[in-house]
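Chemist: Sharing a model prediction with you, sequence too.
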Amino acid sequence: MKAEPKYIPQSILSHIDKDTRITALTGAGISAESGIPTFRGKDGLWKKFRAEELATPEAFRKDHRTVWEWYRFRQDIIGKASPNPAHHALAEMEKLFCNFHIITQNVDGLHRRAGSSRLCCLHGDIWEARCIREGTVTACLPGKDGDPVPLCPSCGALMRPNIVWFGEALPADELEKSYRLARGSDIFLVIGTSSLVYPAAALPMIAYQAGAALIEVNPDESPLSEIAVHIKEKAGTAVPGILEEFRSALG
Ligand code: APR
C-alpha cells in the first residue's frame, strides 16, 4: 500500500491537474520566518503597541507624526527582510497552475519580491503613500525616525500610509475579486493567519461552503483548524513540501 503523502491527502492530490483552481490566503505568519513580527501571539506587535493609537483613522487625525513613525519603524524591519522559502514556493505554484492566485493580508511586498504576480492585496502596501485630499497614490520610499511627514507632490496635502486601518473599508475591487476566487476554488490554502480579522477571515469559510478543500498551515490552532486539513508546521517548511507534492501529482 502506498504511504499517505505528508501534507496533502491523496484523495485531493489524485484530482489535481494544471487547471485546478488553487487560492492561497496568507497572513503575517508567512513572513515570520523572514524576521517580520506577527500581530498576535506572544511576541506579536499588538502585545507591545496599541493598535487604536497607531492603525486607525482617528489615530492619524490626532497625531499623524506618531503614526508615520510607526510605519517608518515597520518599513525599516521589512526593508531588511527577504522572501523566505514559503513565499518562493507560492511563486513556483503560480507557474505550475493556470488558476493559482494569492490573496494576502500582508503589506510587506514579499510575495511580489518572490515573483508572484496573481495577487490580491487586501490591506494595502507599506511601500505606498496616499494623499488625504486627492487620493493620489505614490511610492513611499524607506524613511527614518524624525524625517518630515510626506506631502503630496501635486497638491501639497498630507500623505498617509496606503494601508487599510481598523474601521476602514477594504479596496472594493480587491475584495470583490477575493470573494470570487474563494467561491471558485478547488483548493483553498490558508497560510499563517490567525483568521480573526474580517472580512479576510470569512474567505476560507466561503471557499469551504462552495466545496473547496481547505488546507491550513499554522503551527498553532485557529478557528479554522477544526474543519481544515491542519498542517501544524511553519510555513517555511510546509509550503515547499506542499509544492513538491503538487509537482509529483502533476507528474
Ligand atoms: N508559519 C505559519 N504560521 C505562523 C508562523 C509560521 N512560521 N509563525 C506564526 N504563525 C501564525 C500564528 O500562529 C498566527 O496564527 O501566523 C498567525 C499570525 O496571526 P496574526 O498576527 O493575527 O496575523 P494576521 O492573521 O495576518 O492578522 C490579520 O490583523 O492587525 C491586522 O492588518 C493586520 O493584516 C493584519 C491582520
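Modeler: That came through, no problem. Note that the structure is a prediction, hence the values are computed from the model and not measured.
Chemist: Output the longest strand seen in the chain as PDB, nothing but the C-alphas.
Modeler: Using DSSP state E, we find that the single longest strand of the chain is strand 124-131. Extracted in PDB, the C-alpha atoms of strand 124-131 (Å, rounded to 0.1, in the frame of the first residue of the first chain):
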ATOM      1  CA  GLY A 124      -2.700  47.900   1.300                       C
ATOM      2  CA  ASP A 125       1.100  48.300   0.800                       C
ATOM      3  CA  ILE A 126       3.600  49.700   3.200                       C
ATOM      4  CA  TRP A 127       5.700  51.000   0.300                       C
ATOM      5  CA  GLU A 128       2.900  53.400  -0.900                       C
ATOM      6  CA  ALA A 129       1.500  56.600   0.500                       C
ATOM      7  CA  ARG A 130      -1.800  58.300  -0.400                       C
ATOM      8  CA  CYS A 131      -2.800  61.900  -0.500                       C
END
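Chemist: show me what contacts the closest residue to Arg130 other than its chain neighbours?
Modeler: Closest residue in space to Arg130, ignoring its immediate chain neighbours: Asn162 at 4.3 Å, by CB to CB, 6 or more residues apart in numbering. Backbone N, C-alpha and C define where each C-beta goes, glycine included. Neighbouring residues of Asn162 by CB atoms under 8 Å, 6 or more residues apart in numbering: Gly124, Asp125, Glu128, Ala129, Arg130, Val137, Cys140.
Chemist: where do the helices sit along the stretch 1-150 of the chain?
Modeler: Ranges of helices in the stretch 1-150 of the chain, per DSSP state H, counting those that start in this stretch, are 10-13, 45-48, 51-54, 57-62, 64-79, 85-96, 110-114.
Chemist: Kindly reformat these as a markdown table containing distance to Ile103 and mean neighbour count.
Modeler: Below are the helices of the stretch 1-150 of the chain laid out as a markdown table (distance: least, CB to CB, whole Å; neighbours: other CB atoms under 10 Å):
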| stretch | distance to Ile103 | mean neighbour count |
| --- | --- | --- |
| helix 10-13 | 20 | 14 |
| helix 45-48 | 21 | 14 |
| helix 51-54 | 22 | 15 |
| helix 57-62 | 24 | 14 |
| helix 64-79 | 19 | 17 |
| helix 85-96 | 11 | 21 |
| helix 110-114 | 10 | 21 |
